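Novice: sequence-free structure coming up:
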């Protein structure tokens, strides 16, 4: 079976995070605040990741019905999805499913299966008036990648001859 490499990019208010998995194993991850300011900055950042990591699949969030993302964040996500469609990768948009009571419980579960990210878990649960920890965007990206791993994209066509 062919090894599948996935680059998942998540965008939240004022930040973006990515995870890169190869054959289900976490290989690289990161957070950017600077590149999440404008669409062109984020597109440049994402194109650099695609050029360096050479993934088979680029995953973004499907901001359709039920999404809680703001208008600017939706535009940023759309710009990354459009960029992916112009590259030689399979671009996939998946809905952000709520499988846990909170993002924090989801992050703890994801850190259990990917202990490399355990150090990025928030020290304490956020109170309603606190800002969300910057590292939570990593777990959003990982949740998007896991969604593709659980429901893989169709196999790639192979050239004839």
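Specialist: Here it is on my side, so go on. Worth saying up front: this structure is predicted, and the values here are computed from it rather than measured.

Novice: helices of the protein, start to end?
Specialist: Ranges of helices within the chain are 39-53, 71-85, 103-113, 136-150, based on DSSP state H.

Novice: can you pull out the low-pLDDT segments for this structure?
Specialist: Under the criterion pLDDT under 70, the flagged ranges of the chain are 1-2, 126, 152-161.

Novice: one more time with 80
Specialist: 1-3, 64-68, 123-132, 151-161 (pLDDT under 80).

Novice: that older thread, would JSON lines of the helices of the chain with distance to residue 19 and mean neighbour count be doable?
Specialist: In short, each C-beta sits where N, CA and C put it, glycine included. As requested, the helices of the chain are exported to JSON lines (distance: least, CB to CB, whole Å; neighbours: other CB atoms under 10 Å):
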{"stretch": "helix 39-53", "distance to residue 19": "10", "mean neighbour count": "16"}
{"stretch": "helix 71-85", "distance to residue 19": "14", "mean neighbour count": "19"}
{"stretch": "helix 103-113", "distance to residue 19": "10", "mean neighbour count": "17"}
{"stretch": "helix 136-150", "distance to residue 19": "5", "mean neighbour count": "23"}
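
Novice: quick one: closest of these to residue 21.
Specialist: Comparing these by their distance to residue 21 (CB to CB), the top pick is helix 136-150, with 5.4 Å.

Novice: before we move on, back to that, tabulate the helices of the chain (JSON lines), appending distance to residue 5.
Specialist: Converted to JSON lines, the helices of the chain look like this (distance: least, CB to CB, whole Å):
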{"stretch": "helix 39-53", "distance to residue 5": "7"}
{"stretch": "helix 71-85", "distance to residue 5": "14"}
{"stretch": "helix 103-113", "distance to residue 5": "18"}
{"stretch": "helix 136-150", "distance to residue 5": "10"}
